[in-house]
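1. Here is my input; please provide its structure:
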Amino acid sequence: ACRGTMGLAHLSCLVRQAEMSVKEKEEWNTGEGILKWDRCFDCDQWFHGVVQVALGWACWKTYLGRPENDEIRCDALMVLAPALATQKSNSPEARMVNEAAVDTYQRVCPWDECRILMTRGNLVHCYKAIGQHDEAIKLERAIYAAFKSMSDSRGDAASASLQITAALSLAHSLGEQGEYAEAVSLLRKSLRLARTGGIFYWSCIRVP
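-> Here you go, the predicted model:
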């Protein structure tokens, strides 16, 4: 439930607020911009469930007509793709949308490795939801390797955080499949990295 003063809002009102926020950002460089499609700034919660999916589709339909390399159009796809991956992961549309998103980003913004990898991470949810656990782990290994390479080359806390997040996701999947030794080894490596970089992760602390 919304923790703001109203406690509820019509979808059409949320869409209108988000549209105005993007317009304000583009014209005046103020406000929340595309984030207004993802998050309620009255109660400071991220949208979830059917509201997240509905807003994801509304966002995509709003900016679909823009050129393929338009920044807001690409951001709109980033609103829709994870919404489907987390809320309707077992649906064919979730996989198709996220595969299309990866293909789009590789074509129009190949330099944005984080965006591409995060969208590929959405596909992990889709594979798991339809029982393709081996395919999910294979993809997670590739994502972790890419983030590790990025972290090694950049050497900053932000890149290290992305590497650790990818490691935690992979370790969780390995644990689900009974690959405990590899999962624990990965978590220990992540814990060392977190301590070295001053990054605090509760999930890493509880390593046997």
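
2. Helices of the chain, residue ranges please.
-> 11-28, 49-63, 71-87, 92-108, 113-129, 133-154, 157-176, 180-197, 202-205 (DSSP state H).

3. which regions of this protein sit below the pLDDT cut-off?
-> The chain contains residues with pLDDT under 70 at 1-9, 197-208.

4. rerun at 80
-> 1-9, 41, 44, 196-208 (pLDDT under 80).

5. would CSV of the helices of the chain with distance to residue 35 and mean neighbour count be doable?
-> Yep, even glycine has a C-beta here, placed from its N, CA and C like the rest. Formatted as CSV, those follow (distance: least, C-beta to C-beta, whole Å; neighbours: other C-beta atoms under 10 Å):
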stretch, distance to residue 35, mean neighbour count
helix 11-28, 8, 15
helix 49-63, 11, 18
helix 71-87, 9, 21
helix 92-108, 18, 18
helix 113-129, 15, 20
helix 133-154, 23, 17
helix 157-176, 18, 20
helix 180-197, 27, 16
helix 202-205, 26, 14
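
6. would you list the ones you listed in CSV and tack on distance to residue 43?
-> Shown next, in CSV, are these (distance: least, C-beta to C-beta, whole Å):
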stretch, distance to residue 43
helix 11-28, 12
helix 49-63, 12
helix 71-87, 18
helix 92-108, 27
helix 113-129, 25
helix 133-154, 32
helix 157-176, 25
helix 180-197, 30
helix 202-205, 24
